[in-house]
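A.B. asks: After the sequence you'll find the predicted model.
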Number of protein chains: 2
Amino acid sequence: MNIPESKLPRVVIIGGGFAGINLAKTLANKNIQVVLIDKHNYHTFQPLLYQVSSSGLEPDSIAYPLRKIIKKHKTSFFRLAEVQHISPEKNEIRTSIGTISYDYLVIATGTKTNFFGNKMVESNSMPMKTVPQALNIRSLILQNFEKAAIADTEKERDAFLNFVIVGGGPTGVELAGAIAELKNHILPRDYRDLDPSDMTIHLLEGNSRVLPPMSEHASKKAEEFLKDLGVKVHCNTYVQDYDGLNVKTNSDLEMQSQTLIWAAGVTGAPVDGLKAETLVDKANRYRVNVYNQVEGYHNIFAIGDIALMTTDEYPSGHPQVAQPAIQQGNLLGKNLLKLINNKPMKAFSYHDKGSMATIGRNKAVVDLKRYKFAGFFAWFVWMFVHLMALVGFRNRVVVLFNWTYNYINFDKAARLIIRPFKK
Amino acid sequence: MNIPESKLPRVVIIGGGFAGINLAKTLANKNIQVVLIDKHNYHTFQPLLYQVSSSGLEPDSIAYPLRKIIKKHKTSFFRLAEVQHISPEKNEIRTSIGTISYDYLVIATGTKTNFFGNKMVESNSMPMKTVPQALNIRSLILQNFEKAAIADTEKERDAFLNFVIVGGGPTGVELAGAIAELKNHILPRDYRDLDPSDMTIHLLEGNSRVLPPMSEHASKKAEEFLKDLGVKVHCNTYVQDYDGLNVKTNSDLEMQSQTLIWAAGVTGAPVDGLKAETLVDKANRYRVNVYNQVEGYHNIFAIGDIALMTTDEYPSGHPQVAQPAIQQGNLLGKNLLKLINNKPMKAFSYHDKGSMATIGRNKAVVDLKRYKFAGFFAWFVWMFVHLMALVGFRNRVVVLFNWTYNYINFDKAARLIIRPFKK
């Protein structure tokens, strides 16, 4: 892997998500050799992927080069690689570009889309966890519009204009709202050869309400906003089968759709090699203690979505969102410095900053510990928080400009099929 | 193809480049049914493709949705399709999505990369005529940097860091300058595990000077600027063979390179079906009269790069650049209205606004009819002209912001391998 030998202790971080980059930043120029490994050469700002899918933002404005993040970290290195195996007995990992030893290993690999074992759904639906996947959805939506315009039969056209989003968490709700805006603002203007009323957006949620992790107030408001936008919300409904056209659910809801977007759940993306009992069934998350040490290992840590730390307040682990990842990354950086200097580490305690989701123009729901609110002000807060959380000044400016432009013009300007999606 | 029947005369335009979109704009809301067909759903601003390849601009800022261009043209339609055949006797074209009849047909298909019959070069080198191709080059350059960092031998590493650009026209010159800036400003900062002096950029030009269509003053200055940036300029040199690694030329210049970018020439992209004699050998351009009518046809026109109009001043046709295409598109719009109303058409006369090329930061060459200048002011003029020529306010702002950001920070911020290029 060609990392220079050094006398400094070496921390290897697998994954450049929120957890990984915050850890890397905390360890910058601290007499530690840091090796950050990721299979992409950029950090993805996942909360805004849905805006790439719906042509609102260009992909490059929510991705940030990982090398640029560590460019001033004099003893840090980046390697573009997939990690294949951990050998804890040798303190070594095997990757697509060779092996590397570590003094401390941090697993920050996050999650991947969970199809719950349904192979048909997996091969026919569109996941949205990475930039290329979001671009595939963008292409498919626009290709479907084009195909609808030349469809021979009404039935054929309806299938192209019928969009099914599975999963009523923040991702699904936000995407449904954004696609509804395409119907309401873009179709009437740019697709005069289509009738907007032919377009339907279905949001399916297995629970009894959308945004199940949020408050009932937020769920109620979000559902209201979605309905205002024309989204058909189906609660207590999950998909049983999808062959690329026919959607079958547990209820009597059946329909044809060329586009099924799968935002129904995630599962951890663990790496081979650790003891089986460290990994929790189904969730695929590593059991960690309050210092994010993987159970049974002294020098292997897991942070972010892949880590499962059970506490009294969070008996089934912290929510798999950005905040715990950021906070664990930051704390682990400080703790590693303590560990190396033989000082006692500090236990992690999650500071819940609240949660939020936006549902199109001027509409969002925000749950804070003490206040829950919805509507225009919530939407404004949502925008501000996301803008500030974006990595890099350039990305913030480009995103802010796009939002302003799109807002004023009721537009989503990145309606580009750069690489057609082949079904 | 599902275009509504109407009593209006139908003009079918093949191609949404500079010629096609300017024609479409001129025909907007003029009691003519316009059908614009393109294989992409966006217009590409080709003069800035090289900045996408070199990570300076995001692809979405130089592409513009074709539907958005015609959104206020009430009798205009867009169709995403490839045109396969013209049947002039039936006034009909066949496309990938069905046939369509026309009253007037305008061929504005532009050019494609010319490999001069060299199949080895064609399959191993990187062309740069479309946004996906420019993105492939961006990915390949960045992938090569990553591979150079882990190369086992010096020879292997050198091949990853050896960039060969074939063709010293504006595209080649501008790209060579931009890649040299990656070497000079990005490598030292973001790739501390690479030695910038290991990176080499070769520019090969078959003529005796770079920028052969421009003045000798411009050529001399451009070569000077390129050398200042560290580019190795080889005139009178052309590539004979490239197997993906070994570059063979007509001279004793031989080397190994993982990246050969082919900007050595273009050839027309004609459509099947017209009489063979309408097409000029090698150049593959349709012979047109002063009204851009294809020779021997009354209602078939060709405009832009694909049209060959020979005049006393331009015995071998107009230069294949944006200006003739824009001017012919505009004039043909007016002429078609005259033709339909049985009025005499106006002959095309090219107004040469000059030509220019930029070679990195602060450096450009500009040839106007009366003045030829180079350096900082030329560079400023280059930027202003290109910014104004971009389609769409949003694109202009994003490009201007990126240029400003990159200029201040000596940066090229879109260093993203979104879709890895597989050799």
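C.D. replies: Structure's in. What do you need?
A.B. asks: Could you list the residues of the stretch 251-400 of chain A in contact with chain B?
C.D. replies: With C-beta under 8 Å from any C-beta of the partner chain as the criterion, the stretch 251-400 of chain A meets chain B at residues A:392-394, A:397-398. Yep, even glycine has a C-beta here, placed from its N, CA and C like the rest.
A.B. asks: Excluding covalently adjacent residues, which one is nearest to the residue nearest in space to the middle of chain A?
C.D. replies: The centroid of chain A falls nearest to A:Q46 when counting by C-alpha atoms, centre = their mean (3.9 Å). Closest residue to A:Q46 apart from its sequence neighbours, by C-beta to C-beta, 6 or more residues apart in numbering or on different chains: A:K129 at 7.2 Å.
A.B. asks: quick check, that neighbour in a helix?
C.D. replies: No - A:K129 is assigned coil when assessed by DSSP: H, G, I helix; E, B strand; the rest coil, not a helix.
A.B. asks: surely the residue nearest to the centre of chain A meets A:V131?
C.D. replies: No - using C-beta atoms under 8 Å, A:Q46 is not in contact with A:V131, being 9.4 Å away.
A.B. asks: what ranges do the strands span in the stretch 251-400 of chain A?
C.D. replies: A:254-256, A:259-262, A:266-268, A:279-280, A:285-287, A:300-302, A:307-308, A:355-358, A:364-367, A:372-374 (DSSP state E, counting those that start in this stretch).
A.B. asks: Same check on the stretch 51-200 of chain A?
C.D. replies: Taking DSSP E, counting those that start in this stretch to define them, one finds strands in the stretch 51-200 of chain A at A:63-65, A:76-80, A:83-87, A:92-95, A:98-101, A:104-107, A:111-113, A:126-127, A:162-166, A:200-204.
A.B. asks: measure stretch A:309-327 end to end?
C.D. replies: Counting by C-alpha to C-alpha, to the nearest Å, you get 13 Å between the two ends of stretch A:309-327.
A.B. asks: can you tell me the average pLDDT over it?
C.D. replies: Mean pLDDT, stretch A:309-327: 95.
A.B. asks: just stretch A:378-392 next, same as before
C.D. replies: 93.
A.B. asks: contacting residues around A:F393?
C.D. replies: Contacts for A:F393 (C-beta atoms under 8 Å, 6 or more residues apart in numbering or on different chains) come out as B:Y405.
A.B. asks: and stretch A:222-238, which residues are buried?
C.D. replies: Buried positions in stretch A:222-238, judged by neighbour count with 16 or more other C-beta atoms under 10 Å in any protein chain shown: A:222-223, A:225-226, A:229-231, A:233-235, A:237-238.
A.B. asks: ok, so what distance separates the residue nearest to A:Q46 from A:K119?
C.D. replies: With distances taken as C-beta to C-beta, to the nearest Å, A:K129 is found 18 Å from A:K119.
A.B. asks: Could you check which residue of the stretch 201-350 of chain A lies nearest chain B?
C.D. replies: A:Q258 (15.3 Å; C-beta to the nearest C-beta).
A.B. asks: and if you look at the stretch 251-400 of chain A?
C.D. replies: A:R394 (5.0 Å).
A.B. asks: so what's that residue up against?
C.D. replies: B:401-402, B:405, B:413 are the contacts of A:R394 under C-beta under 8 Å, 6+ apart.
A.B. asks: please redo it, this time with the cut-off set to 7 Å
C.D. replies: B:405, B:413 (C-beta atoms under 7 Å, 6 or more residues apart in numbering or on different chains).
A.B. asks: which regions of chain A sit below the pLDDT cut-off?
C.D. replies: Low-confidence segments of chain A (pLDDT under 70): none present.
A.B. asks: got the residues of the stretch 1-150 of chain A near chain B?
C.D. replies: Proximity of the stretch 1-150 of chain A to chain B (C-beta under 7 Å from any C-beta of the partner chain) is limited to residues A:1-2, A:40-42, A:58-61, A:63, A:65, A:67-68, A:71, A:77, A:80, A:97, A:131-132, A:142, A:146, A:149-150.
A.B. asks: The residue nearest to A:Q46: neighbour count?
C.D. replies: A:K129 has 19 neighbours, counted by other C-beta atoms under 10 Å in any protein chain shown.
A.B. asks: gap between it and A:Y50?
C.D. replies: 11 Å.
A.B. asks: for the nearest residue to A:Q328 once chain neighbours are set aside, what are its contacts?
C.D. replies: Distances taken as C-beta to C-beta, 6+ apart put A:I303 closest to A:Q328, at 4.1 Å, once the chain neighbours are dropped. Contacts for A:I303 (C-beta under 7 Å, 6+ apart) come out as A:19, A:23, A:106, A:108, A:292, A:325, A:328-329, A:332.
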